[in-house]
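> Predicted model and sequence follow; I will ask about them next.
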Amino acid sequence: MTTVKQILDKKGYQVWTITADRSVYDALRLMGEKEIGALAVVDGDEVVGILSERDYARKVVLKGKTSRETLVHEIMTHPVLTVGLQASVAECMAIMTDKRIRHLPVLDNGKLIGMISQGDLVKSIIDEQQFIIGQLENYIAR
């Protein structure tokens, strides 16, 4: 079974962060620039939350707040769920499905080293299935 480490080895370990005292506008601008759907919220080396597009939609837009005046700590999701490098795709999918989340920060020895999304997991599953199909086709063709 594919692990988080294998996904990050292909995808890359780049993770974008923001601090809790920044404006939601700053967070949205960064997410737009990097074309990502969530940011890890950090205090030094510690992950203290996660801010997603869903947080913005539900906790700013629908409540009539403004992104320039609202701070990240006011709407971030915390405590944040995380996974380690050895977590399997199935384990991550179970967490995401159960908790209705789309992103999981990845920690190694307590240090933030990456972020995986539902899209990353789905891509991994599809890649694995295509590999298996190819192997079966080769077996049958012999």
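Sure, I can see it.

> give the contact list for the closest residue to G12 other than its chain neighbours.
Excluding the flanking residues, the one nearest G12 by CB to CB, 6 or more residues apart in numbering is G114, at 7.9 Å. C-betas here are computed from N, CA, C, even on glycine. Counting by CB atoms under 8 Å, 6 or more residues apart in numbering, G114 makes contact with V4, L8, K11, G12, Y13, Q14, V15, P105, V106.

> Out of these, which sit inside strands?
Among these, the ones falling in strands (DSSP state E) are P105, V106.

> tell me which of the contacts of G114 is nearest to I133?
Nearest to I133 among the contacts of G114: K11, at 22.2 Å, using CB to CB.

> what's around the residue nearest to the closest one when sequence neighbours are not counted, how many residues?
Distance criterion CB to CB, 6+ apart; nearest residue to K11, sequence neighbours excluded, is D120 at 6.0 Å. Using other CB atoms under 10 Å, D120 has 20 neighbouring residues.

> same for the host helix or strand of D120, what does it pack against?
Applying DSSP states H and E as the criterion places D120 in helix 118-141. On a contact count with 3 or more CB pairs under 8 Å, 6 or more residues apart in numbering; DSSP states H and E, helix 118-141 meets helix 4-11, helix 89-99.

> tally of neighbours for A87?
19.

> hmm, I was thinking of I18
I18, neighbours per other CB under 10 Å, totals 20.

> One more: I101?
18.

> How about I126?
10.

> how close does it get to V89?
Between I126 and V89 the computed distance is 11 Å (CB to CB, to the nearest Å).

> Buried residues of stretch 4-21, list them for me.
Under the neighbour-count criterion of 16 or more other CB atoms under 10 Å, stretch 4-21 has V4, K5, I7, L8, V15, T17, I18, T19, A20 buried.
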